[in-house]
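Student: sequence and predicted structure, then a few things I'm wondering about:
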Amino acid sequence: AQKITQTQPGMFVQEKEAVTLDCTYDTSDQSYGLFWYKQPSSGEMIFLIYQGSYDEQNATEGRYSLNFQKARKSANLVISASQLGDSAMYFCAMREGKGATGGTSYGKLTFGQGTILTVHP
Amino acid sequence: ETGVTQTPRHLVMGMTNKKSLKCEQHLGHNAMYWYKQSAKKPLELMFVYNFKEQTENNSVPSRFSPECPNSSHLFLHLHTLQPEDSALYLCASSLRGLADYGYTFGSGTRLTVV
């Protein structure tokens, strides 16, 4: 079964508008972490934002925010005021098990299929 | 400039060749990973190394042979590959226990097997 699902293969947004990229996940762990990465055409994976399963508030990093709905197991990425440079592939990922608090997690990430975002001028 | 450097950036090899991919980080991280990214597929974890010890082999064929001589360097030795092994190979590193702050990826090696 897919652990991370990104149902939007491609998304288009007008420059300066906001866009939401969807991500749902599946885990039976109580402690887990959710990540979003951006991959431009150069290939490098750029870390954007992180949400821990015990974090009560939604994570925000500049123009990026993570809409975390635990009961629905969704972790959507919201990009506000889109810029042309935001055009890229976006991946949602999950780390199961403990992270900063210790445990046996060695940082294994499970990735979704990705969403290609195109920002139009 | 990424903190994780991968070389070469592009590699074309025949099925009978032997080549190696190199990954280097000087971030003080102690966990390193190889991921494979094929077209239209999610990233697949291949190997995990912690403090130079391999802790995970995700059922990777033996034609891929990893090596981690120290916490800063990771290699992927390739031999008798198949055309379906053509993909982007990404190296990443993290600080064990602080993985919540993201994993640093390299820019990848785009491998084409002919």
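Tutor: Cool, got the structure.
Student: how about the strands in chain B?
Tutor: Residue ranges of the strands in chain B, as given by DSSP state E, are B:4-7, B:10-13, B:18-25, B:31-37, B:44-50, B:53-57, B:64-70, B:73-79, B:87-94, B:104-105, B:109-113.
Student: of all those, which lies closest to residue A:114?
Tutor: Ranking those by proximity to residue A:114 (CB to CB) places strand B:31-37 first, at 9.3 Å. Backbone N, C-alpha and C define where each C-beta goes, glycine included.
Student: and residue A:32, how many residues sit next to it?
Tutor: By other CB atoms under 10 Å in any protein chain shown, the residues close to residue A:32 number 19.
Student: swap in residue A:56?
Tutor: 7.
Student: next one: residue A:58
Tutor: 15.
Student: for it, give me phi and psi.
Tutor: As for residue A:58, its main-chain torsions (degrees, to the nearest 10) stand at phi -70, psi 140.
Student: and residue A:85, that's in a strand?
Tutor: No. Under DSSP: H, G, I helix; E, B strand; the rest coil, residue A:85 falls outside any strand and is assigned helix.
Student: so what sits opposite the closest residue to it other than its chain neighbours in the bridge?
Tutor: Excluding the flanking residues, the one nearest residue A:85 by CB to CB, 6 or more residues apart in numbering or on different chains is residue A:119, at 7.9 Å. Residue A:119 has the following beta-bridge partners by DSSP bridges: residue A:13.
Student: related to what we said a few turns ago, now the strands of chain B as JSON lines including distance to residue A:91, mean neighbour count and mean pLDDT?
Tutor: Shown next, in JSON lines, are the strands of chain B (distance: least, CB to CB, whole Å; neighbours: other CB atoms under 10 Å in any protein chain shown; pLDDT from 0 to 100):
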{"stretch": "strand B:4-7", "distance to residue A:91": "17", "mean neighbour count": "19", "mean pLDDT": "96"}
{"stretch": "strand B:10-13", "distance to residue A:91": "22", "mean neighbour count": "14", "mean pLDDT": "96"}
{"stretch": "strand B:18-25", "distance to residue A:91": "19", "mean neighbour count": "18", "mean pLDDT": "97"}
{"stretch": "strand B:31-37", "distance to residue A:91": "10", "mean neighbour count": "23", "mean pLDDT": "93"}
{"stretch": "strand B:44-50", "distance to residue A:91": "12", "mean neighbour count": "20", "mean pLDDT": "90"}
{"stretch": "strand B:53-57", "distance to residue A:91": "20", "mean neighbour count": "12", "mean pLDDT": "82"}
{"stretch": "strand B:64-70", "distance to residue A:91": "22", "mean neighbour count": "15", "mean pLDDT": "95"}
{"stretch": "strand B:73-79", "distance to residue A:91": "21", "mean neighbour count": "19", "mean pLDDT": "96"}
{"stretch": "strand B:87-94", "distance to residue A:91": "11", "mean neighbour count": "24", "mean pLDDT": "94"}
{"stretch": "strand B:104-105", "distance to residue A:91": "11", "mean neighbour count": "22", "mean pLDDT": "91"}
{"stretch": "strand B:109-113", "distance to residue A:91": "17", "mean neighbour count": "18", "mean pLDDT": "96"}
